[in-house]
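Participant: Only the shape, not the letters, is given here:
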């Protein structure tokens, strides 16, 4: 069974745990829909007009 050779310091432990905290603070990058010019997540169907890569994928009322 694997056993650690040295005790993990509080600093090293906290630095490892802090990575998840900073990842949650990151703002997602937004791109502009070429059809309706709304800000959307990249590589997603536009929820406002329903287009993706120049084709209508879903119909939006």
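Facilitator: Okay, I see it. All values reported here derive from a predicted model rather than from experimental measurement. Residues are numbered from 1 along each chain as shown.

Participant: At which residues are the strands of this protein located?
Facilitator: Taking DSSP state E as the test, the strands found in the chain are 31-32, 39-40, 51-52, 55-56.

Participant: Could you measure from residue 26 over to residue 20?
Facilitator: Going from residue 26 to residue 20 by C-beta to C-beta, to the nearest Å gives 11 Å. Placement of C-beta: from N, CA and C, glycine included.

Participant: and what of residue 41?
Facilitator: Residue 41 is 21 Å from residue 20, by C-beta to C-beta.

Participant: Now for the most centrally placed residue in the chain: which residues touch it?
Facilitator: Nearest residue to the geometric centre of the chain (C-alpha atoms, centre = their mean): residue 28, 5.5 Å. Contact partners of residue 28, counting by C-beta atoms under 8 Å, 6 or more residues apart in numbering, are residue 41.

Participant: Repeat that for residue 54.
Facilitator: Contacts of residue 54 (C-beta under 8 Å, 6+ apart): 34, 35.

Participant: more crowded one of residue 41 and residue 20?
Facilitator: Set residue 41 next to residue 20 and count neighbours by other C-beta atoms under 10 Å: residue 41 wins out with 12 against 8.
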